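*Asks:* Take a look and give me a structure for this.
(one chain, ligands or ions: 1)
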Amino acid sequence: MENRSLVTIAEHSKEKILYMIEMAKQFEARPNRRLLEGKVVATLFFEPSTRTRLSFETAANRLGARVIGFSDPKATSSSKGETLKDTIKMVSNYADIIVMRHHLEGAARYASEVTTVPIVNAGDGANQHPSQTMLDLYSIYKTQGTLENLNIFLVGDLKYGRTVHSLLMAMRHFNPTFHFIAPDELRMPEEYKIYCRDHGIKYVEHTDFTEETIADADILYMTRVQRERFTDLMEYERVKNVYILRNKMLEHTRPNLCILHPLPRVNEIAYDVDDNPKAYYFQQAQNGLYAREAILCDVLGITLDEVKA
Ligand code: CP
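*Replies:* This next block holds a predicted model:
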């Protein structure tokens, strides 16, 4: 049987991405649908989360499914030494789909290989965060009216930020121009720059983050410096406040500019930006509910026609 796991967004074609956006749009119009009645969704969070876990669980509830799972691995038998493989095999006995966040890169792929129950990658280390990307794409589409030919500025921790890694892979279908703004220590990893070159994605690298640098941006995607991924905390201290977006920097930006952030924010967006109409990060998080309803349905074999019915 086909394994419908969502491990990386790179597996989605352009048609599939647009199909998922249409499905999310349907759920935004009508979020409460009992399309997954009788299903059990397991949410296994080996790493902290607010938005991803709660929006997946809300999505499951609004679709009529039941939810089991954990948000603190210390309260599970993994703290007694149970392997990830055994945990996944056990939970596969109970649930129809497993949504998993794990600190190890590749953990979601591995989990998808040890079970026939579909796995949704809710973030694996610094690697990928495909459900975040679906809500990012939906947010970009809603605010710009298109995904095509956009100038997308990614700012901050491009080394450890899994959301920016997933986003650039998904955007390969839509002729973007990326601007990577990061200090030397947190530059976009070479493997993703190779990916861009191999897929004809244009990119420019910057270390300056000024009003002038962002003047042509359609999307300004801010990221948090990910303290938990640093092995050298002195290095974290050096870079943690390197870029802060302030309201006055937005005066001469494009009228269509949309400011995104996967959240949580620490201090990379000043609070005076929140009231600027270009700030979209809280609506972006809300879009996560609709995008994740679409993902749960799609992975469990519910079609767009069924969602529209
Ligand atoms: N954007 C995101 O993944 O947020 P959480 O870590 O709160 O789930």
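*Asks:* Look at residue 298 and say how many residues are nearby.
*Replies:* Using other C-beta atoms under 10 Å, the number of residues around residue 298 comes to 21. Every C-beta, even on glycine, is put in place using the N, C-alpha and C of the backbone.
*Asks:* That one - that's part of a strand, no?
*Replies:* No: in this structure, residue 298 is helix, not part of a strand, as judged by DSSP: H, G, I helix; E, B strand; the rest coil.
*Asks:* so what's it up against?
*Replies:* For residue 298, the contacting residues are 4, 20, 23, by C-beta atoms under 8 Å, 6 or more residues apart in numbering.
*Asks:* let's see it at 10 Å
*Replies:* Residues in contact with residue 298 (C-beta atoms under 10 Å, 6 or more residues apart in numbering) are 4, 6, 16, 19-20, 23, 118, 120, 134, 304, 307.
*Asks:* Give me the subset of the residues you listed lying in strands.
*Replies:* residue 120 (DSSP state E).
*Asks:* nearest residue to the residue in the stretch 101-250 of the chain positioned nearest to the ligand other than its sequence neighbours?
*Replies:* Going by C-beta to the nearest ligand atom, the ligand is nearest to residue 132 of the stretch 101-250 of the chain, at 5.3 Å. Leaving aside its chain neighbours, residue 132 sits nearest to residue 163 (4.8 Å; criterion: C-beta to C-beta, 6 or more residues apart in numbering).
*Asks:* before we move on, which element is the one you found in?
*Replies:* Assigned by DSSP states H and E, residue 163 falls within helix 162-170.
*Asks:* model confidence over that helix, on average?
*Replies:* Computed over helix 162-170, the mean pLDDT rounds to 96.
*Asks:* by contact count, what packs against it?
*Replies:* On a contact count with 3 or more C-beta pairs under 10 Å, 6 or more residues apart in numbering; DSSP states H and E, helix 162-170 meets strand 119-124, helix 130-144, strand 151-155, strand 177-181, helix 190-198, strand 219-222.
*Asks:* Please tabulate these in CSV, including the columns mean pLDDT and distance to residue 239.
*Replies:* Formatted as CSV, those follow (pLDDT from 0 to 100; distance: least, C-beta to C-beta, whole Å):
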stretch, mean pLDDT, distance to residue 239
strand 119-124, 98, 21
helix 130-144, 98, 22
strand 151-155, 98, 13
strand 177-181, 98, 13
helix 190-198, 97, 19
strand 219-222, 98, 14
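*Asks:* picking up where we left off before, from the contacts of residue 298, list just the buried residues.
*Replies:* By neighbour count, with 16 or more other C-beta atoms under 10 Å, those hold 6, 19-20, 23, 118, 120, 134, 307 as buried.
*Asks:* Those residues of the stretch 101-250 of the chain touching the ligand, which are they?
*Replies:* Contact residues, the stretch 101-250 of the chain versus the ligand (C-beta under 6 Å from any ligand atom): 123, 132.
*Asks:* before we move on, back to that, and the helices and strands packed on helix 162-170: which comes nearest residue 62?
*Replies:* Closest approach to residue 62 among the helices and strands packed on helix 162-170 (C-beta to C-beta): helix 130-144, 15.2 Å.
*Asks:* what about the closest one, distance to the chain center?
*Replies:* Put simply, helix 130-144 sits 9 Å off its chain's centre (C-alpha atoms, centre = their mean, to the nearest Å).
*Asks:* try stretch 297-308
*Replies:* Centroid separation between stretch 297-308 and its chain, computed with C-alpha atoms, centre = their mean, is 21 Å.
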